[in-house]
Structures are given as structure tokens and as C-alpha cells.
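*Asks:* Predicted coordinates and the sequence they were generated for:
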Amino acid sequence: MVSGMYSHRDHRGINMKQYGIALAVIAGVVMSPVSWATEQAKQQLQEKMQQLKSVQATFEQTVTGSGGDVLQSLTGELALQRPAMLRWRSNPPDDTLLVADGESVWYYNPFVEQVTVYAQSNAVENSPLLLLMEGTQARWQQFDVSYDEADGAFDVINEATGNELTLSFDGDTLTRIVLKQKQGDTTTIALDDVVMNETLATDQFQFNVPEGVEVDDQR
């Protein structure tokens with residue numbers, strides 16, 4: 001997660017409520033200069049996301065506490081295809097797999113031989129990353145967006161939760177995702193070997209339950 005992507009609070013490092021990214025446009029009203037700058041940033045981010053059809057990358061994720069102490073560090077690979085498909089795999093010893101197929105989110109933990117299934121519509125409500133992928137205007141009205149030109153970064157704040165998401169770009173290439181939780185934890189995901197907008201095989205966004213694996217269906 002997607003959000004940040006994952007948090008140390010789950011058994012193997014995933015917290016569905018952190019899965020993350022966001023964008024939207026609110027138009028047609030007279031705004032103050034500060035509000036107008038916010039709406040321009042929303043439009044800029046929306047335009048970037050409209051150009052983003054797919055992303056493949058390796059990643060390095062670090063979770064730090066409010067005091068700067070490292071709570072978790074892991075690496076892995078991700079593939080994202082808009083509007084609603086995601087594959088996220090972390091490497092051993094924290095090997096886990098998360099697949100969003102457009103209808104359900106599958107979280108597979110081979111260590112405990114269990115897969116937990118969530119309705120993706122519910123996951124989107126709490127996940128900035130899945131929200132970014134879907135990108136409906138109604139959902140985007142919950143977010144404020146600002147842009148730091150020096151860093152090439154968009155800050156996206158969820159007014160309801162107080163969580164803040166930062167998306168950094170090199171040109172049109174997404175390079176870094178940072179999720180700051182209101183409770184104090186920060187998840188930083190640095191992307192490398194990024195490939196944008198290639199056609200991805202759809203079967204990698206499908207999850208087949210391995211034989212002998214317990215299914216915990218939360219849908």
C-alpha cells in the first residue's frame with residue numbers, strides 16, 4: 001500500500017488503512033489566492049495521474065516513529081495499473097504479497113499460510129494509494145493538495161484523518177511516496193528501476209489461492 005503502503009502494526013508489516021495516494025478537482029467557485037493555489041496543484045496532480053497508465057518498479061520502504069527511530073525496513077517489487085489494479089510483493093524475510101484486482105484486495109502471508117480478502121471498495125476509503133488509482137472526483141473532495149516546485153513534490157492531506165501523503169516526481173516519473181500518519185509514524189517508499197506506461201500482463205493482478213492455504217474472507 002499502498003498505504004504508505006504498509007505499517008509495522010500488522011503481523012507481517014501491512015496495514016490496509018495506510019495503503020496509499022490521492023487527487024481531485026473542485027471547480028466553479030471564487031477562491032482566495034491560497035485556495036486558488038491549492039486548486040491549481042490539484043489540477044496539476046490530476047493531469048499527471050491521467051497520464052499515468054501503469055508503473056513497474058522496485059522499492060525500498062522504511063517506517064519511522066515520531067522520534068525518528070526506524071520501526072521497519074524492507075524491499076520488494078510493485079506493479080500498478082490504473083484504474084484499480086495493484087501487485088505489491090515484499091522480499092524475504094518479510095515476504096508477503098498483496099494483490100488488488102479491481103474488486104477484491106488479497107493479502108497473502110506464506111509464513112502463516114493464510115490469505116485475507118477485503119472488498120476493494122472498502123479498502124479504497126482508507127487507502128490513499130488505491131484512491132489515487134481510482135481517482136473519482138467525489139472522493140477527491142476530501143483532500144487538500146499543495147505543490148513544492150523545488151522538490152517536484154505534491155502534498156496531499158486527508159482532511160478527515162489528518163494523514164498526509166507526499167508524491168515526488170522526476171518529470172512525469174513517480175520516484176518517491178511518503179505517508180505521514182496523524183499518530184506520528186512515517187512510511188517512506190523510494191522507487192527505483194521505474195518503468196512507466198508499459199502494457200502489463202493482467203494475470204499478475206489475479207490471485208489464485210495456493211493449496212492448503214487458509215482463506216479469511218472479510219468482504
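*Replies:* Cool, got the structure.

*Asks:* So which elements touch the longest helix seen in the chain?
*Replies:* Longest helix of the chain, by residue count under DSSP state H: helix 33-51. With contacts defined as 3 or more CB pairs under 8 Å, 6 or more residues apart in numbering; DSSP states H and E, helix 33-51 has these neighbours: strand 143-148, strand 153-158. C-beta coordinates here come from the backbone N, C-alpha and C atoms, glycine included.

*Asks:* if we go to 6 Å?
*Replies:* Helix 33-51 sits against strand 143-148, with contacts defined as 3 or more CB pairs under 6 Å, 6 or more residues apart in numbering; DSSP states H and E.

*Asks:* what packs against the strand it packs on?
*Replies:* Packing partners of strand 143-148 (3+ CB pairs under 6 Å, 6+ apart): helix 33-51, strand 153-158.

*Asks:* In the sheet, which strands lie alongside whatever helix or strand comes next after the longest one, parallel or antiparallel?
*Replies:* Sequence order places strand 54-64 as the next helix or strand after helix 33-51, per DSSP states H and E. Each strand paired with strand 54-64, and its direction, by DSSP bridges: strand 70-81 (antiparallel), strand 186-196 (antiparallel).

*Asks:* Tell me the spacing between the residue nearest to residue 40 when sequence neighbours are not counted and residue 52.
*Replies:* Leaving out its chain neighbours, the residue that sits closest to residue 40 by CB to CB, 6 or more residues apart in numbering is residue 147, at 7.7 Å. According to CB to CB, to the nearest Å, residue 147 stands 16 Å off from residue 52.

*Asks:* what do you get for residue 113?
*Replies:* Counting by CB to CB, the gap from residue 113 to residue 52 is 35 Å.

*Asks:* Please say which of these two ends up with more neighbours.
*Replies:* residue 52 (20 against 11; other CB atoms under 10 Å).

*Asks:* Quick check: closest non-adjacent residue to that one.
*Replies:* Using CB to CB, 6+ apart, the nearest residue to residue 52 is residue 82, at 6.4 Å.

*Asks:* got it, and residue 42?
*Replies:* Residue nearest to residue 42 in three dimensions, not counting chain neighbours: residue 145, with 4.4 Å by CB to CB, 6+ apart.

*Asks:* Provide a list of residues in contact with that neighbour.
*Replies:* With CB atoms under 6 Å, 6 or more residues apart in numbering as the criterion, the residues that contact residue 145 are 41-42, 45, 154, 156.

*Asks:* ok, now residue 58?
*Replies:* Under the criterion of CB under 6 Å, 6+ apart, the contact list for residue 58 reads 77, 192-193.
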